[in-house]
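>>> Task: produce atomic coordinates for the following.
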Amino acid sequence: MGGPALRIVACTCTRYATHKKKVCMNSLNASLHHVDLLDAEHDAEYFEYSKAANPISAGLISRIPYQNFPSSLYDTGPSRLVPLDLSEALGCEGPATGPGLLANFIRLNAGDHLTLAPTATSQVLYVIAGRGELVQGNVAFEWEKGCFIAVPGLEELQLSAHEDARFYYVHDEPLLRYLGVTPTQQHFSATLYPAQTASAKLREAADDPRAQDRSRISILLGNRHFPQTRTVTHVLWAMYGILPAGSVQKPHRHQSIALDFIIDCPAGCYTLVGTDIDENGQIRNPTRVDWAPGLAFVTPPGYWHAHFNESDDEAFLIPIQDAGLQTYLRALDIRFS
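Below you'll find the predicted structure:
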């Protein structure tokens with residue numbers, strides 16, 4: 001008795017499942033909008049290879065421009081977010097500093113609060129001045145001058161200032177806007193890099209006897225969730241560096257955009273940027289960017305650049321790039337002259 005009963009139940013379920021599938025398929029077919037073949041082909045285009053393989057050279061898409069953003073944009077005045085917007089020059093929806101990233105300055109006066117909620121996966125802040133508190137979801141901690149903060153983008157971020165504060169702030173909303181997506185999960189949680197710890201790690205790198213033999217004296221901020229890329233988030237890369245007195249960081253290039261911020265520097269510090277190098281490894285026909293404390297500037301991807309300090313004191317800088325993503329894609333292609 002038990003055997004046939006089981007077979008009947010199984011057979012009944014199969015027939016029901018088959019019937020249900022037919023009903024679903026009939027419903028799907030009924031809901032489909034069948035278009036004329038000419039309508040289906042309306043958006044299709046075809047290009048001879050040489051006319052489409054390099055849209056930048058053909059003038060179809062713009063190059064990323066050189067641009068400087070002085071500290072006067074945020075030094076005084078009311079609390080505000082200052083997007084460093086180059087979207088018009090880039091020919092993209094804005095605000096955007098590069099095709100995939102937006103850099104900002106933030107001024108937050110004592111007692112004020114600011115809520116940040118970009119459609120982004122990754123946000124990095126550097127505290128230029130001040131102290132206060134950050135809250136995101138169930139995470140809260142205090143920050144002060146010299147701290148770095150990495151924050152995911154799924155939940156809104158609240159900043160409160162205990163004294164007048166200023167920030168350099170970069171996120172990847174332009175990338176998500178271009179892709180037409182919104183984040184659905186967090187790959188990391190809000191992470192604090194305390195000023196004292198970061199400075200001690202940088203000084204340790206600078207005091208290493210082998211430091212002068214390296215291409216640069218700096219530390220990269222990492223997160224334990226990204227062991228493959230060793231970057232601050234899965235998209236963003238952040239470096240904290242020293243340019244010693246009387247030193248030169250020789251020309252190098254990479255396919256990530258660099259949104260550089262000068263923490264502090266004496267007169268006589270600058271960057272040379274150009275598209276090519278000569279037989280001696282020097283940049284041909286370079287554009288010069290003179291540094292100043294609190295300055296931000298754009299180094300386009302693929303451009304050769306070199307940093308110079310012709311003074312008797314150290315200088316400090318923070319490049320933030322989309323090199324987390326570029327490294328994961330195996331497309332960073334960093335080279336040194």
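
>>> measure stretch 129-141 end to end?
Terminal residues of stretch 129-141 lie 17 Å apart, using C-alpha to C-alpha, to the nearest Å.

>>> what number of residues lie near Gly111?
Using other C-beta atoms under 10 Å, Gly111 is surrounded by 12 other residues. Where you see a C-beta, it was placed from the backbone N, CA and C, and this is true even at glycine.

>>> my bad, Ala52
The tally of other residues near Ala52 (other C-beta under 10 Å) stands at 12.

>>> so who does it touch?
Neighbouring residues of Ala52 by C-beta atoms under 8 Å, 6 or more residues apart in numbering: Ala58.

>>> now it: how far from Pro301?
Note on Ala52: its distance to Pro301, by C-beta to C-beta, to the nearest Å, is 20 Å.

>>> Asp75 too?
Distance, Asp75 to Pro301, by C-beta to C-beta: 30 Å.

>>> so what's the closest residue in space to Cys265 that isn't next to it in sequence bridging to?
Leaving out its chain neighbours, the residue that sits closest to Cys265 by C-beta to C-beta, 6 or more residues apart in numbering is Ala315, at 3.6 Å. Under DSSP bridges, the beta-bridge partners of Ala315 are Leu243.

>>> and what of Ser122?
Beta-bridge pairing of Ser122 under DSSP bridges involves Pro152.

>>> How about the one 4 residues further on?
With DSSP bridges applied, the residues forming beta bridges to Tyr126 are Phe148, Tyr168.

>>> Next up, the contacts around it.
Taking C-beta under 8 Å, 6+ apart, we find Tyr126 in contact with 147-149, 167-169, 261, 263, 318.

>>> which among these gets closest to Arg177?
Tyr169 (17.0 Å; C-beta to C-beta).

>>> which stretches of the stretch 201-337 of the chain form helices?
In the stretch 201-337 of the chain, the segments counted as helices under DSSP state H, counting those that start in this stretch are 323-328.

>>> picking up where we left off before, more neighbours: which of Asp75 and Pro301?
Set side by side, Asp75 and Pro301 show more neighbours around Pro301, with 23 against 12, by other C-beta under 10 Å.

>>> And that one, its phi and psi?
Dihedral pair for Pro301: phi -60, psi 140, per degrees, to the nearest 10.

>>> show me the contacts for it.
Going by C-beta under 8 Å, 6+ apart, Pro301 touches 64, 254-258.

>>> rerun that using 7 Å as the cut-off
Contacts for Pro301 were tallied using C-beta atoms under 7 Å, 6 or more residues apart in numbering; they are 64, 254-257.

>>> what does Pro99 give?
Pro99 sits in contact with 90, 92, 174, 178, where contact means C-beta under 7 Å, 6+ apart.

>>> That one and Tyr46, how far apart?
Distance from Pro99 to Tyr46, by C-beta to C-beta: 25 Å.

>>> hey, where'd the strands end up in the stretch 201-337 of the chain?
217-220, 237-243, 248-253, 258-264, 269-274, 287-290, 296-299, 304-309, 315-321, 335-336 (DSSP state E, counting those that start in this stretch).

>>> Nearest to Gly281, out of those strands?
strand 248-253 (6.2 Å).

>>> Contacts for that closest one next, please.
Residues outside strand 248-253 that contact it (C-beta under 7 Å, 6+ apart): 215-216, 243, 277, 281-283, 302-308, 334-337.

>>> For it, buried residues please.
Neighbour counts over strand 248-253 (16 or more other C-beta atoms under 10 Å) mark 249, 251-253 as buried.

>>> May I ask which of those comes out lowest in pLDDT?
The lowest pLDDT within the buried residues of strand 248-253 belongs to Gln249, with 92.

>>> nearest spatial neighbour of that one, skipping sequence neighbours?
His307 (4.1 Å).

>>> what separates the one you found from Thr271, distance-wise?
Counting by C-beta to C-beta - His307 and Thr271 are separated by 5 Å.

>>> swap in Leu73?
Applying C-beta to C-beta to Leu73 and Thr271 gives a distance of 19 Å.
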